[in-house]
Every structure is written in structure tokens, then in C-alpha cells.
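1. whatever this is, show me its structure:
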Amino acid sequence: RGYAKFLNPFADAFKATAPDALTPAVVERWSKGRGWSQSYRCGFIGTVVSLFRWAVEDGRMEKNPVQGIKKPAKQSRGRKAIISPADHARLLEHATGDFKAFLQLLWLTGCRPGEVAGLTAADVDTVNKCIILTAHKTAEQTGRDRLIVLPDEAVGILRGLVESHPTGLFFPGERGQRLDANAIS
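-> Residues are numbered from 1 along each chain as shown. Next up, the predicted model:
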């Protein structure tokens, strides 16, 4: 579904186009004409690059027509990404089970969704009311663990998760894997 949202409109627009007529400039121009944000265009171009790379590797095409295309940088959503207390409360009304705990931890800690998705009992110190992450988004740049100080309500939620998930991820996907951004969305 994630790929389809990008590839279906692209396929419809270019179904009568010869593969050698597709160039990085054509794809970039088409994506700019859609009214998409820079971040959405980044996702679209990344998906198109993956499609053609797969087609070449699978022997369906001789060369990648969009080789060398540059993805635009993703833009921060800044203040637009902030969820109001009312919106958060509405989300919690509809969430159940561990996903409700997931949403509460995001709200209470300010953690990134990927950080909460990767939490295990080994990351949590309920005595000192903190989470210590050795693997995190900025670990390579900073060379440091990420320390997240917890409010009492988050400590209570995490105690319950440690009891129910003493090993493995607190929030595993359907096949036990770490949730990615699409699964969380």
C-alpha cells in the first residue's frame, strides 16, 4: 500500500511512455507538478528509484532510466507536527492494548516514534525513572547514549510493559519485528 500510493499515479501518467523517455528530469518535473510537499516528493522519488533498481536487478530492464536522480531533502514539519492535548485524548479514546501505551509514552516522554517502537526491558530503569538508549537516531553523531527522564505516569506504564514483556520488544509488529514508520502510522 505504501508503494502503491506513489506508483499508481506514476504508472497511470507514464503507461504509454517508452522507458528510455523517462529521465531524472522528467520524473522530477512530474513530481513538482503534483503539488506535493518536498518530503512527500522525497518519498516518491525514493520509491521510483527502488522500483527501477529492482527491475534492473531482476532482469526486467537493461538500465535504470532514473539513475542519478537526486531526492529533495525531507523538511521538518516543525510546529505542524505537534499534537494538541485534545487530539491526543481523541487518539487514546480509540487506541487499545499496547498501542494505547505506545501513544501515552510518546506523549509523556517526547521520544521519537522509532525510539518507543524499539524499547525493551533492558532499556528501562524504573528505579532511576529513565530510559537509556544506546542505539538511537543521533548515536553516530554524538557518540553518546540518549537519556530520557521519565515522569511518574510513564514509569507506571513501563513497569507494566516490563512485566508483560520481560524479553523482546514491548511493541512488536505482527511477525515480531520492530515497527517501522508505516506500521506506526
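
2. quick check: residue 136 vs residue 114, distance?
-> Distance from residue 136 to residue 114, counting by C-beta to C-beta, to the nearest Å: 8 Å. Every C-beta, even on glycine, is put in place using the N, C-alpha and C of the backbone.

3. show me where the chain has helices.
-> 2-14, 24-32, 38-57, 85-94, 97-109, 113-117, 139-142, 152-164, 181-184 (DSSP state H).

4. lowest-scoring secondary structure element of the protein by mean pLDDT?
-> helix 139-142 (a mean of 77; mean pLDDT, DSSP states H and E).

5. alpha carbons of it, as PDB, please.
-> Listed next in PDB are the C-alpha coordinates belonging to helix 139-142 (Å, rounded to 0.1, in the frame of the first residue of the first chain):
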ATOM      1  CA  ALA A 139      24.100   8.000  18.200                       C
ATOM      2  CA  GLU A 140      26.700   8.200  15.500                       C
ATOM      3  CA  GLN A 141      26.900  11.900  15.600                       C
ATOM      4  CA  THR A 142      27.000  12.300  19.300                       C
END
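
6. quick one: contacts of that helix?
-> 133, 145-146 (C-beta atoms under 8 Å, 6 or more residues apart in numbering).

7. can you report how many residues neighbour the residue nearest to residue 45 when sequence neighbours are not counted?
-> Using C-beta to C-beta, 6 or more residues apart in numbering and skipping residues adjacent in sequence, the residue nearest residue 45 is residue 71, 4.7 Å away. By other C-beta atoms under 10 Å, 16 other residues sit near residue 71.

8. could you do residue 160 as well?
-> Residue 160, neighbours per other C-beta under 10 Å, totals 12.
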